[in-house]
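*Asks:* Build me a structure from this.
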Amino acid sequence: MLDSQVLAFTMVAALMTISPGPDTMLVVRNALRGGRRDGLLTVAGICSGLFVHALLSALGVSAVLMYSATAFTALKIGGALYLVWLGIKSLRAAARRVAPVPDIAGAAPRADGTASFREGLLTNLLNPKVIVFYLALVPQFIGPDDPVLLRYVLLTSIHYVQGILWLGGVALLVARSRVMFMQPAWRRWIDAACGTILVALGLRLALQRQ
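*Replies:* Sure, this is the predicted structure:
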């Protein structure tokens, strides 16, 4: 099953993975907010969403969203609103007075790490670009004699590993630098920057044509 089509898909998926977007900004924000655990849980949520897209595409469900203008627009607006909401949360955090954090290593972890996983999963599931990628592009790497579901699993697994490695690396890098970034002035600036970018990405998604 490891043929030239798989190698070509690996290259295309890698380019998509390293392209900065809402997933990268969310990983950065959550890694700064909750450290390594929250960053990696966000990555796990984002990458888990890939298998949902692959399954829906293999079953043909995503075709309804892609070829129905109403359904696609509803999904796009939903995803845009979710990104804007995440951005506003970051902007509100930047506006609040942040107390100095003298010892990040000794700080208590967040009580509920599932929130980061859920945010990553929803950001991925509500991203129309991922739906289009799995419905329109992935089938180009599936031959007429290939078992569709197994081929989707193989290609998605490759994409999943790439996402874990790349976004996981981003999360770990940000978490290691967290001591500096958790200083009040830096934290406000990072929250404001992440919030602004997330809102801008949401508005851009809402204004994009199908």
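
*Asks:* quick one, what contacts Leu137?
*Replies:* By Cβ atoms under 8 Å, 6 or more residues apart in numbering, the residues touching Leu137 are Val12. C-beta: built from backbone N, CA, C; applies to glycine.

*Asks:* and it, how far is that from Val84?
*Replies:* 27 Å (Cβ to Cβ, to the nearest Å).

*Asks:* Also Gly35?
*Replies:* Distance from Gly35 to Val84, by Cβ to Cβ: 25 Å.

*Asks:* neighbour count winner among the two?
*Replies:* More crowded of Gly35 and Val84, by other Cβ atoms under 10 Å: Gly35, with 22 against 19.

*Asks:* List the buried residues of the longest helix that the chain contains.
*Replies:* Using DSSP state H, we find that the single longest helix of the chain is helix 22-59. Neighbour-count burial for helix 22-59 flags 22-50, 52-58 (criterion: 16 or more other Cβ atoms under 10 Å).

*Asks:* now the helices for this structure?
*Replies:* 4-18, 22-59, 61-67, 69-95, 114-125, 128-132, 148-176, 178-181, 184-207.

*Asks:* Need the winner for burial among the ones you listed.
*Replies:* Mean neighbour count (mean count of other Cβ atoms under 10 Å) peaks for helix 22-59 among these, with a mean of 23.

*Asks:* angle of that one against helix 4-18?
*Replies:* For helix 22-59 against helix 4-18, the angle by axes from the mean of the first three to the mean of the last three Cα atoms, to 10 degrees is 150 degrees.

*Asks:* Check which helices and strands helix 22-59 sits against.
*Replies:* On a contact count with 3 or more Cβ pairs under 8 Å, 6 or more residues apart in numbering; DSSP states H and E, helix 22-59 meets helix 61-67, helix 69-95, helix 114-125, helix 128-132, helix 148-176, helix 178-181, helix 184-207.
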